[in-house]
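*Asks:* Make a model of this:
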Amino acid sequence: MRGSVGLLLLWLTLFSVEAQWAVRGKIVNEKGQGIPYAGVSVVGTFDGASADSLGGFSFTTRSPMPIILVVSHLNYTADTLRISRVEHLEKLRFVLHENKPIELAEVMVSVSSFGVGEKQKQTTLKALDIYTNPSGNGDLALGMRQIPGLQDVGDREGFFVRGGDAHETVVNIEGVRIRHFFGQSHPNAPARSRYPAGMFSGLSLATGGYGVENGGALSGMLRLHLAGQSPSSFSLGISPLFWNVGQGWRSAARKCYVEQTLSYSNAAYVKWQLKPEHELVGANDGWGYTARMLYAPSERDEIKSLVLLNHDRLGSKYDVPDAPNAKAVYEGKDDYAFGLFHWQRRLSPRRSLSVSSGYEYRRSERQERLAAQTLWGQIIEDHNAQIHIRMQSRGSGWNYRYGADYFYRHYRPNAEMPAMRQSEAAAYAEASVGPWRRGGITAGLRAEYDHSLDRRWVLLPRVDFTQKLWRGHTITLDAGRYAASDERYILLGMMPQKRSLSDQYNLTYEWRPRKNQILRLQLYDKTYRQLPFYLNDRWAQDGKGYARGLDFFWKAEGLIPNVEHWLSYSYADARRTSLYSARMEQPDFTARHTASVVLKYWCAPITSLFNVSFTWRTGMSYHDPNRTGEAYMNARTPSNWNMSASYNYPFRRGRWSGVLVLSAHNLFNSNPTYGFRFARSPVNGVYPSVRISSPYPQFYMIGLFLNLGVDRRNEILNTDLKLNN
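*Replies:* Residues are numbered from 1 along each chain as shown. Okay, the predicted model is just below:
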């Protein structure tokens, strides 16, 4: 008997020595964000692994129980954990505390920019809060128009920021400037974004106060960051307008992640919702392909890449003022390609280097016909290339970054016109320091040289002061000079002689009483110089202008049970010279008062999320040739209000998760007036006109989004409400 017991004990001992355990888990910081490249190891062995870009790790060990794990990172305080049961090895979670002497304190972060997404410390909204805003109809660009400081123009593309034209706001992805962020659209209608919101995890909209690292903008800067890795998955989206299918693959070692999406859209569903004066003709469809990759070849390196391909065809009829009871035919075809490569290397615990490069191509064919007569035709071909270099160092109470940019553009505005070439080089340096308690200064200088314009260096200094008044209250004062070449010149086939300039001053107050509550108030003053205009049959570029006002934003959850809301209001006093007038007048893309309300209600008994949004703005100015007087913008549209609503039903069936979405845009048919189209010549001394409005009274949409492998219901629902399903 004793011999049998001894053999059994020996067998158990050998088993415990030779058994192999799987160790899996995640390493996060105090905010729940994954810590890339953190190391985890078993004490007394060589077993261990490094965390991936999401903080996840996985390895095997033959070490006998109990096991002692050590987790460490140069920027965080190390942690240890003693494990005595095998089942505890599969779902480990380490929370590391930041080493404050290495990182800048949070009070050093300016609140001037409107942060969106997990990568921004000054986050105001989640990345998809704006994506499924009911008034956005599932589009990133349209959903953002309810953010304070942006104008809802409604009949053209672009982000109109604080009295600035659309070309004054720049969009960049990982530091690469995007000139054609919007797709082609029907005349007098806003275009949708080419880039789906699901590929981005961090967004930052700066309506003022953006640093020297990014240039080319007079009024605003939208910075986008590609999302990180996810587990392998399959996704499917279906609606009457489009379908998309996507697949994500992550390697076993979690060093590589590839995600691809293919989509197709057809506007046949829109026909029955159009107003009688609008009609779709010919082909109205398009397809798109998106692929992004994240690769970590070593603990110090991270590589991101993105490829986007689009092809669209459009055709429509609409009333024109030139001939009574006649309709013009618009036809367009658009091809677009974009590629991005981003590499970041951690040179040391306090220094990093990143290099981004991108190439963008667009070819667009458009024409408008009236009966057998071609009113106008255009073939645009545009090539853009850029390289962006950034070096960053940080230490105890300081942070500085410097780098350089190079841009090249080859643009042909029409097949009959010669191509224009534009090249620009820039260098920048910026430093942040905290010389006093709970406050800091960020100062920088950007120098730009455009070989195609005035051929001289333009210096653009910028500075901001941030002070934390008391717990949850922060104030920022920033000032800066900005420059950009005017896109309106280039679109007309003319190269401007010099860059337009603007000086901006912003005072921002922010209050965060709780995690999901924020109140922001910002006062701003902006002046323009060297704006272009056309007068007496010649181009000039000594126009000027100003924009001043305030923006208010309040977002909260929990004040009313199961209800989340955000309110915004903007006041803008803007006057400037227009393209065809040297007088200082209110531009036709700026409303003096703009307000919006978004409400979300989670109904637990039926596991459903209800959303509703309201928008209101005062009228905008326009030029009426039938009115005489000195003013060029001599008329004003009526004010406009809009209401939209959506319903979301999340569900889960086995490994499949999904959300059913129903939405109604312009629910009460507000029939807004965005302006008027006037005939090219008068009839009996009067210029006939046609009102520009929304092409449909209401717009109803249904969509079904399915995911296999990853539960993304909360991403689609985008709410801070606690969903208990």
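*Asks:* If Leu150 is in a bridge, with which residues?
*Replies:* Beta-bridge pairing for Leu150 (DSSP bridges): Val161.
*Asks:* Revised request: answer the last question for Arg351.
*Replies:* Ser348, Ser393.
*Asks:* One more: the one 5 residues further on?
*Replies:* The partner list for Ser356 in beta bridges (DSSP bridges) reads His342, His388.
*Asks:* What segments of the stretch 251-400 of the chain are helices?
*Replies:* Counting by DSSP state H, counting those that start in this stretch, the stretch 251-400 of the chain has no helices to list.
*Asks:* And the strands in it, which stretches?
*Replies:* Assigned by DSSP state E, counting those that start in this stretch, the strands in the stretch 251-400 of the chain fall at 256-266, 278-280, 285-295, 301-319, 327-348, 351-370, 373-395, 398-412.
*Asks:* Export these to CSV and append columns for mean neighbour count.
*Replies:* C-beta: built from backbone N, CA, C; applies to glycine. Formatted as CSV, the strands of the stretch 251-400 of the chain follow (neighbours: other CB atoms under 10 Å):
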stretch, mean neighbour count
strand 256-266, 18
strand 278-280, 18
strand 285-295, 18
strand 301-319, 19
strand 327-348, 18
strand 351-370, 17
strand 373-395, 16
strand 398-412, 18
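*Asks:* So for Leu535, which of those strands sits nearest?
*Replies:* Nearest to Leu535 among the strands of the stretch 251-400 of the chain is strand 373-395; the distance by CB to CB comes to 23.2 Å.
*Asks:* Distance from the closest one to the middle of the chain?
*Replies:* From the chain centre to the centre of strand 373-395 is a distance of 17 Å (CA atoms, centre = their mean, to the nearest Å).
*Asks:* Equivalent analysis for stretch 165-178, please.
*Replies:* Offset of stretch 165-178 from its chain centre (CA atoms, centre = their mean): 10 Å.
*Asks:* Helix or strand next in line after the worst-scoring helix or strand of the chain on mean pLDDT, which one?
*Replies:* Least confident element among the helices and strands of the chain, by mean pLDDT, DSSP states H and E: helix 2-18 (a mean of 38). The helix or strand immediately downstream of helix 2-18 is strand 21-28, counting by DSSP states H and E.
*Asks:* by contact count, what packs against that following strand?
*Replies:* Where contact means 3 or more CB pairs under 8 Å, 6 or more residues apart in numbering; DSSP states H and E, strand 21-28 is packed against strand 39-42, strand 56-61, strand 67-73, strand 92-95.
*Asks:* quick one: average confidence on the next helix or strand after the first one?
*Replies:* On the C-terminal side of strand 39-42, the closest following helix or strand by DSSP H and E is strand 48-50. Computed over strand 48-50, the mean pLDDT rounds to 74.
*Asks:* contacts for strand 48-50?
*Replies:* If you take CB atoms under 8 Å, 6 or more residues apart in numbering as the criterion, strand 48-50 is touched by 37-42, 57-59, 299.
*Asks:* what do you get for stretch 294-302?
*Replies:* 36-37, 50, 52-53, 226, 228-229, 255-257, 303-304, 343-347.
*Asks:* State the mean pLDDT of the host helix or strand of Ala664.
*Replies:* Taking DSSP H and E as the criterion, Ala664 maps to strand 656-665. Throughout strand 656-665, pLDDT has a mean value of 87.
*Asks:* Same check on stretch 637-651?
*Replies:* On average, stretch 637-651 scores 89.
*Asks:* again, but for stretch 218-225
*Replies:* pLDDT averaged over stretch 218-225 gives 86.
*Asks:* got a list of contacts for it?
*Replies:* Stretch 218-225 has contacts (CB under 8 Å, 6+ apart) with 117, 119, 144, 149, 159, 161-165, 168-174, 195, 200-208, 210, 214, 482-484, 500-502, 526, 528.
*Asks:* Try it again at 6 Å.
*Replies:* Counting contacts by CB atoms under 6 Å, 6 or more residues apart in numbering, the residues outside stretch 218-225 that touch it are 119, 161-162, 164, 168-173, 200, 202-207, 210, 214, 482, 484, 502.
*Asks:* Also stretch 642-660?
*Replies:* By CB under 6 Å, 6+ apart, the residues outside stretch 642-660 that reach it are 134-135, 608-615, 661-668, 670, 704-708, 711, 713, 716-717.
*Asks:* for the stretch 501-650 of the chain, what spans make up the strands?
*Replies:* With DSSP E, counting those that start in this stretch, the ranges of strands along the stretch 501-650 of the chain come out as 518-535, 538-557, 563-578, 581-585, 593-603, 608-617, 621-622, 635-636, 640-653.
*Asks:* Quick one: closest of the ones you listed to Arg85.
*Replies:* Nearest to Arg85 among the strands of the stretch 501-650 of the chain is strand 640-653 (29.5 Å), distances taken as CB to CB.
*Asks:* Sort out which residues of that closest one are buried, please.
*Replies:* Neighbour counts using 16 or more other CB atoms under 10 Å place 640, 642-650 of strand 640-653 among the buried residues.
*Asks:* Stretch 476-492 too?
*Replies:* Going by neighbour count (16+ other CB under 10 Å), the buried part of stretch 476-492 is 476-486, 488-490.
*Asks:* Which of the residues you listed fall within strands?
*Replies:* Per DSSP state E, strands hold the following members of the buried residues of stretch 476-492: 476-484.
*Asks:* nearest spatial neighbour of Trp376, skipping sequence neighbours?
*Replies:* Glu368 (5.4 Å; CB to CB, 6 or more residues apart in numbering).
*Asks:* Quick check: that neighbour touching Gly377?
*Replies:* No - judged on CB atoms under 6 Å, Glu368 makes no contact with Gly377 at a distance of 7.7 Å.
*Asks:* For Trp656, give the beta-bridge partners.
*Replies:* Going by DSSP bridges, Trp656 forms beta bridges with Arg653, Leu708.
*Asks:* Count the neighbours of it for me.
*Replies:* The number of residues packed near Trp656 is 14, by other CB atoms under 10 Å.
*Asks:* Would you state the strands of the stretch 101-250 of the chain in chain order?
*Replies:* Along the stretch 101-250 of the chain, counting by DSSP E, counting those that start in this stretch, strands occupy 114-117, 123-125, 150-151, 160-161, 169-173, 176-178, 200-206, 220-226, 233-238, 242-250.
*Asks:* Quick one: those strands as TSV, columns for distance to Gln184 and mean neighbour count too.
*Replies:* Output for those, formatted as TSV (distance: least, CB to CB, whole Å; neighbours: other CB atoms under 10 Å):
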stretch	distance to Gln184	mean neighbour count
strand 114-117	26	25
strand 123-125	28	21
strand 150-151	22	24
strand 160-161	19	26
strand 169-173	17	24
strand 176-178	15	23
strand 200-206	22	22
strand 220-226	20	24
strand 233-238	22	18
strand 242-250	16	18
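*Asks:* mind giving me CSV with those strands and columns for distance to Asp382?
*Replies:* CSV is the format used below for the strands of the stretch 101-250 of the chain (distance: least, CB to CB, whole Å):
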stretch, distance to Asp382
strand 114-117, 28
strand 123-125, 32
strand 150-151, 25
strand 160-161, 22
strand 169-173, 15
strand 176-178, 12
strand 200-206, 24
strand 220-226, 20
strand 233-238, 30
strand 242-250, 26
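*Asks:* what about those, which gets the closest to Ala431?
*Replies:* Taking these one by one with CB to CB, strand 200-206 is closest: 18.7 Å.
*Asks:* Please state the offset of the closest one from the chain centre?
*Replies:* The answer for strand 200-206 is 5 Å, by CA atoms, centre = their mean.
*Asks:* helices and strands around that strand, which ones?
*Replies:* strand 114-117, strand 220-226 (3 or more CB pairs under 6 Å, 6 or more residues apart in numbering; DSSP states H and E).
*Asks:* mean confidence for the shortest one?
*Replies:* Translated: strand 114-117. For strand 114-117, the mean per-residue pLDDT is 49.
*Asks:* hmm, back to that, distance to Gly32 for the strands of the stretch 501-650 of the chain - can I get that in a markdown table?
*Replies:* Below are the strands of the stretch 501-650 of the chain laid out as a markdown table (distance: least, CB to CB, whole Å):
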| stretch | distance to Gly32 |
| --- | --- |
| strand 518-535 | 18 |
| strand 538-557 | 17 |
| strand 563-578 | 20 |
| strand 581-585 | 50 |
| strand 593-603 | 21 |
| strand 608-617 | 23 |
| strand 621-622 | 48 |
| strand 635-636 | 49 |
| strand 640-653 | 22 |
